[in-house]
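In: mind looking at a prediction? Sequence and model below.
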Amino acid sequence: MKKNIFYILSLIIIGLAGCKSKTTINQDVAGEVIIDYLKANPEYKTTRFKFGEVKFNSTNDLFELGKYKSLASKGLVTLDLKEAKKKFLSKDSSFVYQITLTDKASPLVLKQDGDKATVKVVEYVLSDEKPVNFEQVNSSTAKVIVSLKMVTTDFEPFDKEANKNSNFITKTYKLKLSKDEGWKVQK
């Protein structure tokens, strides 16, 4: 009789343990959920980039031309001199370049409109140094705070709002437990 009661209790305990869904979250699981989310929905900063036929004055736009030449040396654009107007005995000359985006620039170009493109200047990736901080609000939701470090792209010199007070940002994500998919970032 004692054996039968022992077997019945064992089956009940195993049955209850099997029915229990996993509602707790730890730092590793929260980090993996955020990494998967950032792969599908990357965080970045953009700016507008002028290409096509662009005119440069030798004294005024020398710095701007240098930024384009830097991109050309990295293979992201091609520069073709279309017209050069040299003024006799003057430092004020003008040059017209045909600037074309190359295939190598395509991962950084989000949208093109005529002679302007929206390009990524900064990408944010999960920082390795700072751990993922999380707080489980209740059994099916959690709040995760992560530090995303800034990784500049080759188009970064064209960012007009380049106020670099820090080289990282802090983001807060809300995680929700789904019975079918597990923990996911709630949008």
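Out: Structure received. Residues are numbered from 1 along each chain as shown.
In: pLDDT score assigned to Lys20?
Out: We have a pLDDT of 42 for Lys20.
In: quick one: the helix or strand harbouring Ser70 to chain centroid distance?
Out: When elements are assigned from DSSP states H and E, Ser70 belongs to helix 62-73. Taking C-alpha atoms, centre = their mean, to the nearest Å, one finds helix 62-73 lying 24 Å from the centre of the chain it belongs to.
In: who touches the helix or strand following that helix?
Out: As assigned by DSSP H and E, the chain's next helix or strand after helix 62-73 is strand 77-85. With contacts defined as C-beta atoms under 8 Å, 6 or more residues apart in numbering, strand 77-85 is touched by 51, 53, 68-69, 71-72, 93-102, 105. Using the backbone N, CA and C atoms, a C-beta is placed for each residue, glycine as well.
In: now these: which count as buried?
Out: Phe51, Tyr68, Leu71, Ala72, Phe95, Tyr97, Ile99, Leu101, Ala105 (16 or more other C-beta atoms under 10 Å).
In: now, the most widely separated pair of these?
Out: The distance between the two most remote of the buried ones among the contacts of strand 77-85 (C-beta to C-beta) is 21.8 Å, for Phe95 and Ala105.
In: check contacts around Lys104.
Out: If you count contacts by C-beta under 8 Å, 6+ apart, Lys104 has them with Lys74, Gly75, Leu76.
In: again with Asp115
Out: Asp115 touches Lys50, Phe51, Gly52, Glu53, counting by C-beta under 8 Å, 6+ apart.
In: ditto for Val121
Out: Tyr44, Lys45, Thr46, Thr47, Thr152, Thr153, Phe155, Glu156, Phe158, Asp159, Ala162.
In: let me have those in CSV, extended by distance to Gln27, secondary structure and neighbour count.
Out: Shown next, in CSV, are the contacts of Val121 (distance: C-beta to C-beta, whole Å; DSSP: H, G, I helix; E, B strand; the rest coil; neighbours: other C-beta atoms under 10 Å):
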residue, distance to Gln27, secondary structure, neighbour count
Tyr44, 25, strand, 16
Lys45, 28, strand, 17
Thr46, 31, strand, 17
Thr47, 35, strand, 18
Thr152, 28, strand, 16
Thr153, 30, coil, 19
Phe155, 34, coil, 22
Glu156, 32, helix, 18
Phe158, 38, helix, 18
Asp159, 34, coil, 18
Ala162, 34, coil, 13
